[in-house]
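**Student:** with the sequence up front, the predicted model follows.
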Amino acid sequence: MNLNRLAATVVALTMAEQAQAQISGHEYEGTVAPIREGEQPLIPLDTEDPIYNAWRRPLPSFEGQREGREPGLVDPQRFYGQGYMQLPTFLHQPLTITPEDLAAGNVDVAIMGAFTDMGTGARGAARGPNAVRNSSIYLGYGARQPDMHVMVDPLQDITVVDYGTAPNDMLSTERTIHAVRSFVRQAAGVQHEDGRHVIPFIVGGDHSQMHPNVAAMTDVYGIGKVAVVHFDAHYNAGKYGLGHLINHGMPVYRLIEEGLVEGKNFIQVALRGYCPDESACEWMRANEFRYHTMAELEHRGRDAVMKVVISQANDSPDYMSISFDIDMFDPAFVPGTGTPEPSGLMPREIFPIIRQLCAEANVIGFEIVELAPLMDPTHVSASNANRTIRECLTGVAMRKMGITEPDDKSPLTVSHGRAIE
């Protein structure tokens, strides 16, 4: 390439053109490297396509992103069509920084990270939030992508944002939980003109954070007015923890002891493994817990038990928070967790449960915890965590749209519409 020719081409641009060219990254284009006469690409480009150059055009959200900006949503993409190569946010959604952003954006769901992992004997759950942020492989191109079962696309039918990550003292669970509670309450406390509150979706982190997450819900909605549906291999109501009053096996006990949630409003699903023991089961019965073990699911059948769970959730207070431990899955599908328990549920069993529960009950908070991605080089654990969040979002969107029939499915999904020979 002739350097004099390159310089002449750049100088020929007006100052405004040069400024725009530098922003868009094409100041060296033009006649710098022309196609020789008689040549053309193997497949000619359609220069009449209205988005022919859209890929290098900065999006409006990146104009004026400086101190003093108006509250609202910030698109993490700088240029059109970056897809999975953009700055990672949960589900490639816009970023919000303050409660004022949540209010101005009329946000339905604020997904946030909380990366404490000091409460477990197996470190690594701190990496869970960013593993989920990076697990959205094919989202972000602007095309509608509905949940095929119900043909509802939560990323278009409701407003979902990334609210960042809560503060964390990496050496103290006891100090961190107070900061997490405040952070979650910020989002949950935002109320829109129609009376809706923002719904926090917290991605962990270990299960210690169930305490601050649920406590934040009671701060907003009232003590004793929040029910919890707890999906987990373990009951997490331990009383003792080497002198500590909180770890990932104790949040349920703390919530009950502090009077924030009544035992009768705690519903546990798919407990298995080696806890609770007899005395722990007696404690749960004394506090009127409604628990459903894998033994019960195997004996009565998943559908029958989940029908009871849905009924119990709707028979609880008006507000419901979901706590989902990733070890709910069988470790064949989610090996990336610190406390795997064999003989769990499969993704195709869990996803409709979560979607249906979020569609039929008034969910005001959701958490997914205990994802330890470094324990899973296949990345399937983060993928299934991502999908669990999307199924819950689909249910929330269905409820907002008035689609609350039990296990509602689109007629386009269940049949091709022709007689089966």
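**Tutor:** Thanks, I have it. As the structure is a prediction and not an experimental result, all values here were calculated from the model. Numbering: from 1, shown residues only.

**Student:** what sits against Met320?
**Tutor:** Val226, Ala227, Val228, Val229, Ala313, Ala361, Asn362, Val363, Ile364 (C-beta atoms under 8 Å, 6 or more residues apart in numbering). Bear in mind the C-beta positions are built from the backbone N, C-alpha and C, glycine included.

**Student:** tell me the two of the residues you listed that are most distant?
**Tutor:** Val228 and Asn362 (13.1 Å; C-beta to C-beta).

**Student:** comparing those two, which residue is more hemmed in?
**Tutor:** Comparing Val228 with Asn362 by neighbour count (other C-beta atoms under 10 Å), the higher total belongs to Val228, at 25 against 14.

**Student:** now do the contacts for that one.
**Tutor:** For Val228, the contact set (C-beta under 8 Å, 6+ apart) comprises Val214, Leu255, Val261, Asn265, Phe266, Ile267, Met320, Ser321, Ile322, Ser323.

**Student:** and of those residues, the nearest to Leu91?
**Tutor:** Ile322 (17.5 Å).

**Student:** quick check: domain ranges of the chain?
**Tutor:** As given by automatic domain parsing, the domain ranges for the chain are 3-57, 83-400.

**Student:** would you list those domains in a markdown table and tack on distance to Pro71 and mean pLDDT?
**Tutor:** Shown next, in a markdown table, are the domains of the chain (distance: least, C-beta to C-beta, whole Å; pLDDT from 0 to 100):
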| stretch | distance to Pro71 | mean pLDDT |
| --- | --- | --- |
| domain 3-57 | 25 | 62 |
| domain 83-400 | 4 | 91 |
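
**Student:** quick one, helices of the stretch 1-150 of the chain?
**Tutor:** With DSSP state H, counting those that start in this stretch as the criterion, the stretch 1-150 of the chain has helices at 3-11, 15-24, 99-104, 128-133.

**Student:** distance from the chain centre to the last one, please.
**Tutor:** If I follow you right, that is helix 128-133. Remark: helix 128-133 is offset 9 Å from the chain centroid, using C-alpha atoms, centre = their mean, to the nearest Å.

**Student:** sorry, back to before: would you mind checking the contacts of Met320 for buried ones?
**Tutor:** Buried subset of the contacts of Met320 (neighbour count, 16 or more other C-beta atoms under 10 Å): Val226, Ala227, Val228, Val229, Ala313, Ala361, Val363, Ile364.

**Student:** so which of those belong to strands?
**Tutor:** Val226, Ala227, Val228, Val229, Val363, Ile364 (DSSP state E).

**Student:** that older thread, out of the buried ones among the contacts of Met320, the closest to Gly336 would be?
**Tutor:** Using C-beta to C-beta, the buried ones among the contacts of Met320 come closest to Gly336 at Val229, 23.1 Å.

**Student:** mind listing what that closest one touches?
**Tutor:** Ile267, Val269, Val309, Ala313, Met320, Ser321, Ile322, Ser323, Leu357, Ala361.

**Student:** now flag whichever of the residues you listed is closest to Ala122.
**Tutor:** Nearest to Ala122 among these is Ser323, at 19.1 Å by C-beta to C-beta.

**Student:** list the beta-bridge partners for the closest one.
**Tutor:** Under the criterion DSSP bridges, Ser323 forms beta bridges with His230, Glu367.

**Student:** surely it touches His211?
**Tutor:** No - between Ser323 and His211 there is no contact under C-beta atoms under 8 Å: 10.1 Å.

**Student:** going by distance to Tyr138, which of the buried ones among the contacts of Met320 wins?
**Tutor:** Nearest to Tyr138 among the buried ones among the contacts of Met320: Val363, at 26.2 Å, using C-beta to C-beta.

**Student:** bridged to that closest one, which residues?
**Tutor:** Beta-bridge pairing for Val363 (DSSP bridges): Met320.

**Student:** next up, the contacts around it.
**Tutor:** Counting by C-beta under 8 Å, 6+ apart, the residues that Val363 touches are Ile199, Met320, Ser321, Ile322, Leu357, Cys392, Gly395, Val396, Arg399.

**Student:** so which of these is the most crowded?
**Tutor:** The most crowded member of the contacts of Val363, judged by other C-beta under 10 Å, is Gly395 (29 neighbours).

**Student:** give the contact list for it.
**Tutor:** Per C-beta under 8 Å, 6+ apart, neighbours of Gly395: Ile354, Arg355, Gln356, Leu357, Cys358, Ala359, Glu360, Val363.

**Student:** adding secondary structure and distance to Arg181, write these out as CSV.
**Tutor:** Shown next, in CSV, are these (DSSP: H, G, I helix; E, B strand; the rest coil; distance: C-beta to C-beta, whole Å):
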residue, secondary structure, distance to Arg181
Ile354, helix, 24
Arg355, helix, 28
Gln356, helix, 29
Leu357, helix, 24
Cys358, helix, 23
Ala359, helix, 28
Glu360, helix, 28
Val363, strand, 19
